[in-house]
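S.K.: Take this sequence and fold it.
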Amino acid sequence: TLDRSEAVKKYILARANGICEYSGEAGPFISKDTGTPFLEVHHIKRLSDNGLDHPVNCAAISPNVHREIHSGVNGELINQRLIEIIRDKENGI
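M.R.: Alright, predicted model coming up:
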């Protein structure tokens, strides 16, 4: 398996603060592990495609958005928008 940094994951979830970084909506339920709105960390460019395990390549998104990226017809469009959203967040815009 490809290495995923726990520190990066924690940073991404903290940056999102319970809000999907794509939809702007709160995670759909409260996680029993953390007590916070549940979000999944998504690598915009997959690690298997030489994507970085770095905050500029990761987004905290709802499970539905995550599934749509990987299985829906608009997945690539969502990923392209996430690139812009995360770039702006990391640049403080």
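S.K.: count of residues packed around the nearest residue to Arg81 once chain neighbours are set aside?
M.R.: Of all residues not flanking Arg81 in the chain, Tyr22 sits nearest, at 6.9 Å (CB to CB, 6 or more residues apart in numbering). To be clear about C-beta, it is placed using only N, CA and C from the backbone, and glycine gets the same treatment. Using other CB atoms under 10 Å, Tyr22 has 23 neighbouring residues.
S.K.: pLDDT wise, what is Tyr22 at?
M.R.: Looking at Tyr22, its pLDDT reads 98.
S.K.: I'd like the distance between it and Ile61.
M.R.: Tyr22 is 5 Å from Ile61, where distance means CB to CB, to the nearest Å.
S.K.: Identify the contacts common to these two.
M.R.: Leu82 (CB atoms under 8 Å, 6 or more residues apart in numbering).
S.K.: picking that back up, enumerate every residue touching the residue nearest to Arg81.
M.R.: For Tyr22, the residues meeting the contact criterion (CB under 8 Å, 6+ apart) are Ala59, Ile61, Ser62, Val65, Ile78, Arg81, Leu82, Ile85.
S.K.: what does Gly27 give?
M.R.: Gly18, Ile19, Cys20, Thr36, Pro37, Phe38, Leu39, Ser62.
S.K.: can you put these in a markdown table and add secondary structure?
M.R.: A markdown table is the format used below for the contacts of Gly27 (DSSP: H, G, I helix; E, B strand; the rest coil):
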| residue | secondary structure |
| --- | --- |
| Gly18 | coil |
| Ile19 | strand |
| Cys20 | coil |
| Thr36 | coil |
| Pro37 | strand |
| Phe38 | coil |
| Leu39 | coil |
| Ser62 | coil |
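S.K.: Tell me which helix or strand the most centrally placed residue in the chain sits in.
M.R.: The centroid of the chain falls nearest to Ala59 when counting by CA atoms, centre = their mean (2.2 Å). Element membership of Ala59, judged by DSSP states H and E, is strand 58-61.
S.K.: How about residues contacting whichever helix or strand comes after that strand?
M.R.: Sequence-wise, the next helix or strand beyond strand 58-61 is helix 63-71, with elements assigned using DSSP H and E. By CB under 8 Å, 6+ apart, the list of residues contacting helix 63-71 from outside reads Cys20, Tyr22, Ser23, Pro28, Phe38, Glu40, His42, Ile61, Asn74, Gly75, Ile78, Asn79.
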